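Visitor: pasting the structure only:
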C-alpha cells in the first residue's frame with residue numbers, strides 16, 4: 001500500500017511517495033527556504049513522480065493516471081489553498097484515502113476549497129478554512145464516498161454532494177444514481193448559504209430527473225451559523241441519519257431558506273436524535289413522498305423571524321414510485337423562550353403537480369408549550385396523535 005504525499009515548493013509543486021530516504025528525489029528550485037514534506041519511510045511500495053501543479057493549489061485532472069492501487073493514501077500538505085482531485089478510483093472495501101498532513105488547514109482559494117470526484121473514496125481528517133464566497137467541500141458525480149472527521153469553517157456552502165443534469169450526458173441524471181454516501185463526525189460553521197447540501201435541490205430539473213442518492217448515512221454532524229438552511233437533504237432514498245445538530249441557521253433571512261433542518265422531495269428513511277437551536281424559520285421542514293421516520297427531535301427558539309411553524313410538512317410529486325408519504329414521528333419537543341410562533345406543527349397534505357395525498361401515520365409524544373404558539377397543531381393528513389401536548 002502506497003502513501004502519496006503532495007508537496008508545494010515556491011510556486012512549483014511535486015507529488016512524492018517513497019519507501020526509504022535514499023529513494024527521495026529533490027526537485028530543482030531556486031530557493032531552499034521551504035522544506036518539502038516527504039512520505040513516511042515505512043512505506044511498503046516505492047513510487048517516485050513529479051507533477052506540475054498551480055502554485056499552492058493541488059489540481060489533478062485525472063488521478064487514475066497516478067497508477068494508485070485500491071487502498072492507497074493521498075496526503076495533502078500544509079499551505080494549500082485549494083484542492084481539486086478528479087477521477088479518483090478506489091475499489092469496494094479498499095477506497096482511495098485522502099487526508100491532510102498533521103496541522104494542515106486547507107482553504108483561502110476561490111471557487112471551492114476542496115473539490116473531488118470519482119468512486120470509492122474516503123476523505124478523513126481534513127480541516128478546511130475557506131472564504132465566504134467559495135464552496136467548502138464539493139463532490140459532484142461521485143459514489144461510494146465517505147467523509148470522516150472533516151471540518152469546514154467559512155464557505156458559501158459547507159458540504160455539497162449532488163449531481164447536476166447536463167443535456168446529453170446520461171451519467172449526470174437518472175437513471176444514474178449517487179450510491180452510498182457517508183458522513184461521520186463532520187462539522188460546518190460560518191456559511192453564507194446552506195451548511196449541508198446533500199442531493200440536488202429538486203428531483204426534477206432542466207427537463208430531467210436528477211440523480212437521487214441511494215443509501216445516505218449521516219452520523220454526528222453539526223452546522224453552526226449558516227446563512228440559509230442548516231442541514232438540507234433532497235432526493236435521497238434509504239437514509240439513516242442520526243445525531244444532527246444545527247445552531248443559528250437562516251441568518252440571511254432569505255425566504256424559503258430559513259430552516260434549521262429540511263428534508264425534501266424524493267427522500268425516505270429514518271432520522272433520529274436531531275436538534276435545532278435558534279433559526280429564523282421552521283425548525284424542521286419535510287417535503288416529499290414515501291416513508292419518513294423521525295424519532296428524537298428537539299427544537300428550541302425557532303421561527304425567530306418568520307414567526308411561522310415549528311414543524312411544516314407537505315407532499316411532493318412521486319417521480320420515483322416511492323408511494324404516498326407516511327409520517328411516523330415520535331419524541332419531539334419544541335421550546336420557545338422569546339418569540340411566539342404561528343403554529344407548533346402544520347401538516348398541509350397538498351396534491352399540487354400530481355403529489356399524492358399522504359397516508360395517515362402516527363405522531364407520538366409531541367410536546368410544546370401552548371402559550372408559545374398561536375395554534376397547537378393543524379393536520380390535514382389526519383395523522384394519529386398519541387401522548388404529548390396535543391389534545392390537552
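Guide: Sure thing, it's come through. Predicted model, so just to flag it, every value in this text is computed and none were measured.

Visitor: State the mean pLDDT of the helix or strand hosting residue 86.
Guide: Here residue 86, judged by DSSP states H and E, is contained in strand 82-89. Strand 82-89 shows a mean pLDDT of 96.

Visitor: And for that strand, what's in contact with it?
Guide: Contacts with strand 82-89, where a contact means CB atoms under 8 Å, 6 or more residues apart in numbering, come from 56-64, 68, 74, 76, 96, 98, 106-121, 134. All C-beta spots, glycine's among them, are computed from the backbone N, C-alpha and C.

Visitor: And stretch 312-326, by the same measure?
Guide: Contacts for stretch 312-326 (CB under 8 Å, 6+ apart): 203-204, 209, 212, 237, 264-266, 268, 282, 284-292, 327, 345-361, 381.

Visitor: do stretch 130-139 as well
Guide: For stretch 130-139, using CB under 8 Å, 6+ apart, the contacting residues are 82, 106-117, 123, 126, 128, 145, 147, 150, 152-161, 188, 190-192.

Visitor: Narrow these to those in strands?
Guide: Among the contacts of stretch 130-139, DSSP state E puts 82, 112-117, 123, 126, 128, 145, 147, 150, 152-155, 159-161, 188, 190-191 in strands.

Visitor: Taking those, please make a ChimeraX selection of just the buried ones.
Guide: To isolate the buried members of the ones in strands among the contacts of stretch 130-139 in ChimeraX, using 16 or more other CB atoms under 10 Å:
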select :82,112,113,114,115,116,117,123,126,128,145,147,150,152,153,154,155,159,160,161,188,190,191
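
Visitor: Poorly predicted segments of this protein, please.
Guide: 4-55, 391-392 (pLDDT under 70).

Visitor: chain center to stretch 138-153: distance?
Guide: On the basis of CA atoms, centre = their mean, to the nearest Å, the separation between the geometric centre of stretch 138-153 and that of its chain is 7 Å.

Visitor: where along the stretch 151-300 of the chain do the strands fall?
Guide: Secondary structure of the stretch 151-300 of the chain (DSSP state E, counting those that start in this stretch): strands at 159-162, 178-191, 196-198, 204-205, 208-209, 213-226, 231-234, 236-249, 261-264, 269-279, 284-288, 291-300.

Visitor: Give me the angle between the last one and strand 269-279.
Guide: In terms of direction (axes from the mean of the first three to the mean of the last three CA atoms, to 10 degrees), strand 291-300 departs from strand 269-279 by 20 degrees.

Visitor: what sits up against strand 291-300?
Guide: With CB under 8 Å, 6+ apart, strand 291-300 has contacts from 260, 263, 267-278, 283-284, 286, 310-311, 322-323, 325-337.

Visitor: Apply 6 Å and report the result again.
Guide: 268, 270-277, 283, 310, 326-335 (CB atoms under 6 Å, 6 or more residues apart in numbering).

Visitor: mind listing what's buried in the helix or strand that that strand is followed by?
Guide: Later in the chain than strand 291-300, the nearest helix or strand by DSSP H and E is strand 309-315. Neighbour-count burial for strand 309-315, counted by 16+ other CB under 10 Å, picks out 309, 310, 311, 312, 313, 314, 315.

Visitor: again with stretch 161-170
Guide: 161, 162, 163, 164, 165.

Visitor: cool, and stretch 361-374?
Guide: Buried, per 16+ other CB under 10 Å, within stretch 361-374: 361, 363, 364, 365, 366, 368, 372, 373.

Visitor: How far does it stretch from one end to the other?
Guide: 24 Å (CA to CA, to the nearest Å).

Visitor: Need the residues that contact it.
Guide: 326-334, 336, 340-344, 383-390.

Visitor: Narrow these to those that are buried.
Guide: 326-327, 329-334, 336, 341, 343-344, 383, 385, 388-390.

Visitor: now, which of those lie within strands?
Guide: Per DSSP E, the buried ones among the contacts of stretch 361-374 map to strands at 326, 327, 329, 330, 331, 332, 333, 334, 341, 343, 344, 385.

Visitor: now these as TSV including distance to residue 304?
Guide: Output for these, formatted as TSV (distance: CB to CB, whole Å):
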residue	distance to residue 304
326	31
327	25
329	23
330	26
331	24
332	19
333	17
334	13
341	9
343	15
344	15
385	26
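
Visitor: from these, which is closest to residue 222?
Guide: residue 333 (19.0 Å; CB to CB).

Visitor: and the closest one, what does it touch?
Guide: 298, 367.

Visitor: Equivalent analysis for residue 251, please.
Guide: So residue 251 contacts residue 227 (CB under 6 Å, 6+ apart).

Visitor: backbone phi and psi for it, please?
Guide: phi -70, psi -20 (degrees, to the nearest 10).

Visitor: Distance-wise, check it relative to residue 280.
Guide: 7 Å (CB to CB, to the nearest Å).

Visitor: picking that back up, so how do I select the buried members of the contacts of strand 82-89 in ChimeraX?
Guide: The buried subset of the contacts of strand 82-89, as determined by 16+ other CB under 10 Å, is captured in ChimeraX by this line:
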select :56,57,58,59,60,63,68,74,76,96,98,106,107,108,109,112,113,114,115,116,117,118,119,120,121,134
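
Visitor: Out of the contacts of strand 82-89, which sit inside helices?
Guide: Counting by DSSP state H, the contacts of strand 82-89 place none of their members in helices.

Visitor: circling back to that earlier point, for the buried residues of stretch 361-374, give me a markdown table that also has secondary structure and distance to residue 178.
Guide: Compiled in a markdown table, the buried residues of stretch 361-374 are given as follows (DSSP: H, G, I helix; E, B strand; the rest coil; distance: CB to CB, whole Å):
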| residue | secondary structure | distance to residue 178 |
| --- | --- | --- |
| 361 | strand | 27 |
| 363 | strand | 31 |
| 364 | strand | 33 |
| 365 | strand | 34 |
| 366 | strand | 33 |
| 368 | strand | 36 |
| 372 | helix | 39 |
| 373 | strand | 38 |
